[in-house]
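# how would this look folded up:
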Amino acid sequence: MRRKSFLSKCSPGFLLSFFLLISASAQEISFDQYFQDQALRLDLYQVGEAKEEFITVNRLYLEPIWPESRKYLIQPFNYGRYLIKLYDVASNQLIFCRGFESVFGEYRTTSPALAGIKKVMERSIRIPFPKKPVYLVIEKRNRKNIPYPFFEMTIDPMDYHIIRESPSFGDVIIEKQKTGSPHQKVDLVFIAEGYLAEDLDKFKADLDRFTDYLFKIEPYNRYREDFNIYGIFRPSPERAVDEPRQRVYKKTNLNASFNAFDLDRYMLIDDNHRLRAMAAQVPYDTIVVLVNSARYGGGGIGFDYCVTTTDHPSSLQVFIHEFGHSFAYLADEYYQSEVAYNEFYPQGVEPLEPNITALLDPTNIKWKKLLSPSISIPTEYGKEKIEAFQAERRTLRQRQMEEINEAKKKGEPEIKIKLIQDKYQAKEKEILAKIEAIRKEFAHLIDKVGAFEGAGYASKGLYRPQIYCLMGSTQKGEFCQVCQWAIKQIIDFYCDR
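Numbers count the residues shown, from 1 in each chain. Have a look, this model is predicted:
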């Protein structure tokens with residue numbers, strides 16, 4: 001039975017909204033007609049749980065420059081579980097649209113949120129500063145990814161409630177690299193967190209190290225001249241970062257903390273408003289927070305920021321992975337790891353991110369133009385056999401532990417325990433050999449683009465473009481071809497090409 005197209009399934013209201021957006025995208029909206037070359041930052045609070053969500057505006061700030069493209073006022077991507085839309089009050093014309101993500105959007109899928117525990121979280125959004133009154137609408141996507149308005153306000157640029165103070169805090173501003181106008185470049189700012197005053201030289205060295213590593217990775221290595229890069233250093237009262245599960249708490253500028261959503265490795269920033277205020281001291285499109293710690297971990301929020309520690313052996317790889325989330329809106333491609341979410345990607349709904357798919361229409365997969373010739377969709381790569389052996393290995397290890405514990409309780413000699421270990425190690429070696437044999441059988445697919453099941457935290461029903469990618473494992477030192485393509489699209493967007 002032939003599947004119906006996506007648009008044939010949509011409601012008339014959504015179709016109207018969709019075609020109005022496409023129509024507006026096709027129009028040459030004049031930046032100078034509607035906006036001046038400054039930005040308006042809205043510091044928001046998102047409040048609620050899984051069933052209910054509210055947004056309230058805390059403060060509005062004038063920022064000295066609009067650093068993004070003056071050409072692409074309507075984003076050409078269908079990205080973001082939230083959308084900001086601006087309408088000219090006089091004509092009702094859509095004059096600006098951007099998608100965004102938020103930590104609260106993630107929280108809504110966690111068990112505490114589903115249990116009705118309400119949270120308040122900060123999120124700042126930014127729009128070009130309007131010349132005349134505009135109508136701002138924030139839309140949220142439902143579980144089928146169809147957007148609907150849930151917050152509205154009129155903004156008058158003459159409103160005296162808009163705070164027009166200087167963005168400077170007297171922080172140390174480092175101009176690492178400037179290759180051109182903010183309107184035609186990706187403006188990347190690195191912000192220090194958990195560095196003492198005496199750590200300024202370390203931050204400069206970290207800034208150099210992370211920048212140099214970024215431009216060793218494909219496709220960034222081909223676009224270094226498309227980036228302006230800044231560093232912002234503000235001493236923290238204490239070094240490092242909060243580690244709540246270890247009962248370690250540090251007083252820092254942005255309140256970076258591990259154990260986000262009770263995951264050991266997940267680190268996020270609590271003070272989003274302060275983060276955005278710090279970043280506003282320079283032109284910026286995307287933010288990286290460097291945390292002065294040797295612990296493993298980080299986090300990334302689409303079109304907001306990413307954060308990573310600096311001194312773990314894997315910190316550079318974590319940075320590249322998390323930057324993929326925040327800068328290019330890439331999804332996680334792994335699925336055999338602990339996460340806090342419940343059905344982050346609803347079954348039967350196509351994800352928004354460019355690098356995973358629910359494969360609802362196999363003949364029109366979103367990366368169709370990049371598919372390897374004659375490859376089967378979906379693409380068999382021995383997944384079920386490998387997973388069966390991996391499950392057998394886990395069971396084997398559990399039995400080994402139980403048998404050793406029992407032997408210790410009985411006071412068996414060390415030689416008996418060593419024999420138990422040798423027995424299970426021999427069995428485990430056999431299993432690993434079988435797994436390796438399967439991987440060799442499908443080794444010809446490693447460089448192929450297809451649809452490999454297992455992605456987006458789900459073993460079934462979601463697919464990734466290639467077997468290996470940095471968005472699936474930081475042990476793999478490169479992005480798949482689809483992620484590279486998606487990153488290039490975002491670079492072109494900010495560079496006004």
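# I'd guessed Asn355 sits against Gln481; true?
No. Counting by C-beta atoms under 8 Å, Asn355 does not reach Gln481; the two are 9.9 Å apart. Where C-beta positions appear, they are placed from N, C-alpha and C, glycine not excepted.
# joint contacts of those two?
Pro465 (C-beta atoms under 8 Å, 6 or more residues apart in numbering).
# okay, the two: which has more neighbours?
Asn355 (32 against 21; other C-beta atoms under 10 Å).
# Which residues lie in contact with Ser372 in this structure?
Residues near Ser372 by C-beta under 8 Å, 6+ apart: 448-450.
# Dump those residues to JSON lines, plus pLDDT.
Output for those, formatted as JSON lines (pLDDT from 0 to 100):
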{"residue": "Lys448", "pLDDT": "97"}
{"residue": "Val449", "pLDDT": "98"}
{"residue": "Gly450", "pLDDT": "98"}
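# quick check: domain ranges of the chain?
Domains of the chain are assigned by automatic domain parsing as 20-163, 172-328, 387-435.
# Tell me which of those lies nearest to Ser473.
Among the domains of the chain, the nearest to Ser473 by C-beta to C-beta is domain 172-328 (8.6 Å).
# quick one: the helices in the chain?
6-9, 12-26, 31-34, 103-107, 111-114, 200-214, 272-279, 315-328, 383-409, 414-441, 481-494 (DSSP state H).
# could those helices go into CSV alongside mean pLDDT and distance to Met153?
Converted to CSV, these look like this (pLDDT from 0 to 100; distance: least, C-beta to C-beta, whole Å):
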stretch, mean pLDDT, distance to Met153
helix 6-9, 38, 31
helix 12-26, 43, 19
helix 31-34, 97, 17
helix 103-107, 95, 18
helix 111-114, 94, 25
helix 200-214, 98, 37
helix 272-279, 98, 18
helix 315-328, 97, 26
helix 383-409, 92, 48
helix 414-441, 93, 55
helix 481-494, 98, 27
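# Distance to Ile467 for those - can I get that in a markdown table?
Below are those laid out as a markdown table (distance: least, C-beta to C-beta, whole Å):
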| stretch | distance to Ile467 |
| --- | --- |
| helix 6-9 | 27 |
| helix 12-26 | 34 |
| helix 31-34 | 43 |
| helix 103-107 | 27 |
| helix 111-114 | 31 |
| helix 200-214 | 24 |
| helix 272-279 | 36 |
| helix 315-328 | 17 |
| helix 383-409 | 9 |
| helix 414-441 | 9 |
| helix 481-494 | 12 |
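# Of these, flag the one that's most buried.
helix 315-328 (a mean of 24; mean count of other C-beta atoms under 10 Å).
# Tell me the helices and strands packed up against it.
On a contact count with 3 or more C-beta pairs under 8 Å, 6 or more residues apart in numbering; DSSP states H and E, helix 315-328 meets helix 200-214, strand 286-291, strand 298-301, strand 305-309, helix 481-494.
# Compare these and give me the one nearest Tyr34.
The nearest among these, by C-beta to C-beta, is helix 481-494 at 19.3 Å.
# Check the offset of that closest one from the chain's centre.
14 Å (C-alpha atoms, centre = their mean, to the nearest Å).
# That helix vs strand 286-291, what angle?
Taking axes from the mean of the first three to the mean of the last three C-alpha atoms, to 10 degrees, one finds helix 481-494 and strand 286-291 inclined to each other by 110 degrees.
# Quick check: phi and psi at the spatially closest residue to Val89 that is not a sequence neighbour.
If the residues on either side of it in the chain are set aside, Val89 comes closest to Pro133, at 4.3 Å by C-beta to C-beta, 6 or more residues apart in numbering. Pro133 adopts backbone torsions of phi -60, psi 140, taken as degrees, to the nearest 10.
# Quick check, Pro133 in contact with Met153.
No. In this structure Pro133 lies outside contact range of Met153 using C-beta under 8 Å: 10.9 Å.
# my guess is Thr474 contacts Ser314, does it?
Yes. Here Thr474 reaches Ser314: they are 5.8 Å apart, a contact under C-beta under 8 Å.
# And those two? Which one has more around it.
Between Thr474 and Ser314, counted using other C-beta under 10 Å, the more crowded position is Thr474 (19 against 15).
# Per-residue pLDDT of the more buried one, please?
Listed pLDDT for Thr474 reads 74.
# OK, contacts around it?
Listed by C-beta under 8 Å, 6+ apart, the contact partners of Thr474 are 314, 317-318, 320-321.
# Return the distance of the residue nearest to it when sequence neighbours are not counted relative to Lys216.
Leaving aside its sequence neighbours, Thr474 sits nearest to Gln317 (C-beta to C-beta, 6+ apart; 3.8 Å). Distance, Gln317 to Lys216, using C-beta to C-beta, to the nearest Å: 11 Å.
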